[in-house]
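Participant: Sharing a sequence plus its predicted fold:
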Amino acid sequence: MTSNPCLHHRAIAFRYLSSTVLTLLLLTSTTKIVAHVGHGNEFQGGSQAQSARAIQVDSETTKRLELKVEPVTRQQ
């Protein structure tokens, strides 16, 4: 009994296609899985933004990151 080479190539092509589809499904569905309760309404109006508290940064980090630290002024 001889095997049909055409069937063998189809089986290999089907295996590659199915693994590609499975990979795409896994990669595209992870964004929905990672998000949890509390996400999704960040940009809706109706509430005031909370002011940020001061952040402490040591001088070595400031130099390394080339940060420019200056007091906050109100702009109009």
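Facilitator: Here it is on my side, so go on. Keep in mind it's a predicted model, so treat the numbers as computed, not measured.

Participant: Please count neighbours and contacts with C-alpha atoms only from this point.
Facilitator: Noted.

Participant: And the next helix or strand past the helix or strand harbouring A11?
Facilitator: Taking DSSP states H and E as the definition, A11 sits inside helix 5-34. Once the chain leaves helix 5-34, the next helix or strand it forms, by DSSP H and E, is helix 59-65.

Participant: any idea of the mean pLDDT for that next one?
Facilitator: Mean pLDDT, computed over helix 59-65, is 88.

Participant: when you give positions from now on, start the count at 23
Facilitator: I'll keep to 23 as the first residue from here, and by that count the last item is helix 81-87.

Participant: hmm, who's touching it?
Facilitator: With CA atoms under 8 Å, 6 or more residues apart in numbering as the test, helix 81-87 has contacts from K90.

Participant: make it 10 Å
Facilitator: E88, L89, K90, V91 (CA atoms under 10 Å, 6 or more residues apart in numbering).

Participant: quick one: contacts for the last one?
Facilitator: It refers to V91. By CA under 10 Å, 6+ apart, V91 lies in contact with V79, T84.

Participant: three-state assignment of it?
Facilitator: coil (DSSP: H, G, I helix; E, B strand; the rest coil).

Participant: how close does it get to H31?
Facilitator: V91 sits 65 Å away from H31, going by CA to CA, to the nearest Å.

Participant: What of T84?
Facilitator: T84 sits 61 Å away from H31, going by CA to CA.

Participant: now R96
Facilitator: Applying CA to CA to R96 and H31 gives a distance of 70 Å.

Participant: Which one's more surrounded, these two?
Facilitator: Ranked by neighbour count (other CA atoms under 10 Å), R96 and H31 place H31 first, with 11 against 4.

Participant: Tell me which residues of stretch 30-40 come out buried.
Facilitator: Across stretch 30-40, burial judged by 16 or more other CA atoms under 10 Å covers no residue at all.

Participant: Report the rounded mean pLDDT for that stretch.
Facilitator: On average, the pLDDT along stretch 30-40 is 89.

Participant: Nice, that's everything, thank you.
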